[in-house]
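> Provided below for reference: sequence and predicted model.
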Amino acid sequence: MAEHSQSWRQYLGVFRYSQRAIGLVWQTSKPLTLVLAGATLVAGLLPAAAAWVGQLIVDGVVAAIDANAGVPNALLWLVALEGGIIAGIAAAQRALQTAQSLLRAQLGQRVNVMILDKAQTLQLVDFEDSEFYDKLTRARREASTRPLSLVNRTFGLLQNGISLASFAGLLIGFSPWAVVILLAAGLPQFFSEAKFSGDAFRLFRWRSPDTRQQMYLETVLAREDSAKEVKLFELGPLLLDRYRGIFERLYKEDRNLTLRRETWGFILGLIATLAFYATYGWIVATTVAGAITLGQMTMYLVVFRQGQAAVSASLSAIGGMYEDNLYLSNLYEYLEQPVEASTGTLTQGTTPGDGLRFEKVSFRYPGSEVDALSQISFHLQPGHSLALVGENGSGKTTLIKLLAGLYKPYEGRVLLDGSSLQDWQPEALRRRIGIIFQDFMRYQLPVGENIGSGDIQHFSDEARWQKAAERGLAERFIEEIPGKYHAQLGRWFKDGRELSGGQWQKIAMARAFMRESADILVLDEPTAAMDAAAEAEIFAHFSELTKDRMAILISHRFSTVRIADEILVLENGRITEQGSHADLVAAGGKYATLFELQAAGYQ
Ligand SMILES: Nc1ncnc2c1ncn2[C@@H]1O[C@H](COP(=O)(O)OP(=O)(O)OP(=O)(O)O)[C@@H](O)[C@H]1O
């Protein structure tokens with residue numbers, strides 16, 4: 001019993017989103033929501049009025065035949081009135097459809113913006129969490145159409161409810177039992193609909209990892225940046241096979257559900273038909289017995305049939321609302337994903353000019369069993385540079401991510417000017433850092449905006465673009481591109497041009513120099529794709545470029561690393577050696593060995 005009430009509560013609980021959906025639609029467009037409500041009311045009331053007038057017409061015809069005195073004018077007026085009512089129903093339906101399609105567009109946009117807005121507030125960690133990605137995928141896939149569908153169904157239910165009440169008002173004149181039959185005959189179908197809606201939703205939910213994989217395969221198979229490898233490695237057929245495999249599995253589940261749903265719908269629908277014809281017989285018998293007029297018989301039949309349609313429409317609207325609610329729960333689950341709000345307020349550290357300090361910092365990626373960084377300590381003062389050296393996976397980029405505040409250490413502190421990064425206001429902190437990541441973005445935007453994206457406050461400032469480009473050594477090749485800073489980059493859009501790897505890197509370098517106020521410059525493999533001349537030029541000017549700033553440099557090239565004031569050698573997330581190039585070479589440790597190895601390679 002307790003179990004029963006539990007499942008009912010669960011069942012009703014899912015309707016909790018209806019109110020929010022209506023609120024959302026109301027906020028999206030008040031006038032359109034009002035049109036929707038008004039048209040619903042009109043479309044709900046008019047069918048009963050038409051049935052009522054129909055009865056008057058039939059009775060009028062019978063009376064006129066009996067009187068044998070020609071066609072009375074009143075009868076023709078009634079016919080005209082019924083025509084008018086039918087036209088009114090058509091107008092109300094049109095108004096409903098118009099309001100719905102306008103709302104659909106506006107609401108879709110609104111919900112998508114809500115989803116994307118939320119994405120901006122999330123932490124990097126959230127994006128690396130596959131469960132979270134599933135939530136995002138589910139929210140984006142369906143939820144933008146569901147709020148309107150829920151509102152349409154709510155109004156549809158209202159419309160049918162109004163019709164039904166008016167039909168019942170007429171039908172009760174015949175027999176209250178007819179009203180009971182009308183309502184009861186639809187129930188089995190309703191329960192089956194509700195059950196299958198729930199099944200469909202659970203299927204949808206289980207599937208989101210599959211759906212995400214499908215989306216990923218679509219991207220790999222149809223995007224310009226993967227086309228080269230997919231073609232040369234002949235990955236196409238294999239990936240396409242996987243894509244088909246997923247579809248076929250999903251389709252099989254869908255087909256089974258659809259077949260079960262429709263079969264049960266048909267069987268239970270028969271009950272409704274049976275009820276209709278039983279009542280039909282009853283009404284006919286009553287008419288023949290002379291208890292009701294021919295006009296009344298016509299009216300009751302129309303009312304009963306339309307009433308039945310209204311019952312089944314209402315019940316399937318409720319089933320649909322149940323389904324919409326389940327889908328909306330996805331949207332709100334995503335939108336309500338807790339966001340750890342930053343509590344930092346500092347725009348200045350407690351000891352300005354102290355620079356950057358790592359104090360026994362340890363960090364582990366979520367889901368990982370080993371520390372990516374462990375017990376890292378160093379101090380970098382303004383005007384100094386630091387290089388990070390270490391094998392692949394030793395933790396260099398992770399250290400940068402902590403420094404930029406993208407992740408938080410689980411142990412130890414990162415301090416800027418004497419204050420923990422967590423106490424800094426995130427915007428103030430970001431303004432201090434200019435960064436180029438190893439996997440920097442290649443935005444499908446014009447050259448200038450690609451550079452300008454490094455400092456959103458000066459996004460369109462052409463003079464700054466040029467200055468930054470000059471520092472990033474991008475100026476020379478940009479001058480040769482037709483359209484220069486306004487040339488579109490990438491292949492996605494018309495007249496876009498693709499750059500070489502090194503040219504892109506120069507753009508990224510320029511981007512890092514956009515933040516003129518930034519006094520921490522982080523360069524993660526900044527010259528890996530550049531030619532030797534460009535690299536030499538960058539490093540010849542390195543001290544000038546980083547004057548009065550703190551520079552952090554990651555590179556596998558020792559020729560680059562050696563220019564730094566201090567070098568940290570990382571191994572499995574720990575600092576194993578620390579000092580200037582000369583110190584480390586003299587110490588004869590791992591750094592010295594690797595340096596000699598590389599130097600020998602160049603001879
Ligand atoms: N987002 C992530 N989630 C989980 N583990 C990660 C993530 N990024 C990196 N790691 C792991 O953390 C360790 C350190 O990676 P990191 O990227 O900092 O290395 P790196 O020194 O920059 O390497 P490389 O020289 O190849 O750029 C590696 O073992 C890597 O597998």
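It's in.
> So which bits of this protein are right by the ligand?
Residues of the chain lying close to the ligand (C-beta under 6 Å from any ligand atom) are 128, 365, 368, 372, 390, 392-398, 438. In short, each C-beta sits where N, CA and C put it, glycine included.
> if you set the cut-off to 5 Å instead, what comes out?
E128, Y365, A372, N392, G393, S394, G395, K396, T397, T398 (C-beta under 5 Å from any ligand atom).
> mind listing which of these are in helices?
Assigned to helices by DSSP state H, the following of the residues of the chain next to the ligand qualify: K396, T397, T398.
> Looking at those residues, state which has the most neighbours.
Among those, the one with the most neighbours (other C-beta atoms under 10 Å) is K396, at 24 neighbours.
> What count of nearby residues applies to L445?
Neighbour count of L445, defined by other C-beta under 10 Å: 18.
> and the residue nearest in space to the middle of the chain, what is it in contact with?
With distances taken as C-alpha atoms, centre = their mean, the residue of the chain nearest its centroid is R140 (3.6 Å). By C-beta atoms under 8 Å, 6 or more residues apart in numbering, the contact list for R140 reads N112, I115.
> Just the element for it, please.
Counting by DSSP states H and E, the element that carries R140 is helix 130-142.
> And that helix, what's buried?
Neighbour counts over helix 130-142 (16 or more other C-beta atoms under 10 Å) mark F132, D134, K135, L136, T137, R138, A139, R140, R141, E142 as buried.
> for stretch 340-353, same thing?
Those would be G344, L346, G349, for stretch 340-353 by 16+ other C-beta under 10 Å.
> go on, stretch 227-242?
V230, L239.
> what about dumping the CA coordinates of it to CSV?
Listed next in CSV are the C-alpha coordinates belonging to stretch 227-242 (Å, rounded to 0.1, in the frame of the first residue of the first chain):
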residue,chain,number,x,y,z
ALA,A,227,38.3,15.2,-42.8
LYS,A,228,42.0,14.9,-43.5
GLU,A,229,42.7,12.1,-41.1
VAL,A,230,39.4,10.3,-41.7
LYS,A,231,40.2,10.2,-45.4
LEU,A,232,43.8,9.2,-45.2
PHE,A,233,43.4,6.6,-42.5
GLU,A,234,40.2,5.4,-44.2
LEU,A,235,38.3,5.7,-40.9
GLY,A,236,35.1,6.6,-42.7
PRO,A,237,33.5,3.1,-43.2
LEU,A,238,34.5,2.0,-39.7
LEU,A,239,33.1,5.1,-38.0
LEU,A,240,30.0,5.0,-40.2
ASP,A,241,29.4,1.4,-39.2
ARG,A,242,29.6,2.3,-35.5
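> what's next to it, contact-wise?
Q213, L217, V220, L221.
> quick one on the thing from earlier: out of the buried residues of stretch 340-353, which is nearest to the ligand?
Top of the list for closeness to the ligand, among those and by C-beta to the nearest ligand atom, is G344 at 23.2 Å.
> ok so, going back, turn the ones in helices among the residues of the chain next to the ligand into TSV, including distance to Y591 and pLDDT.
Converted to TSV, those look like this (distance: C-beta to C-beta, whole Å; pLDDT from 0 to 100):
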residue	distance to Y591	pLDDT
K396	14	91
T397	19	90
T398	20	91
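> could these be laid out in CSV, adding distance to Y334?
Below are those laid out as CSV (distance: C-beta to C-beta, whole Å):
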residue, distance to Y334
K396, 33
T397, 29
T398, 28
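> Surely G344 and L416 touch.
No: with contacts counted by C-beta atoms under 8 Å, G344 stays clear of L416, the gap being 10.9 Å.
> so what sits against both of the two?
Residues touching both G344 and L416 (C-beta under 8 Å, 6+ apart) are W424, L429.
> Distance check, S394 against T273.
With the distance defined as C-beta to C-beta, to the nearest Å, S394 ends up 74 Å from T273.
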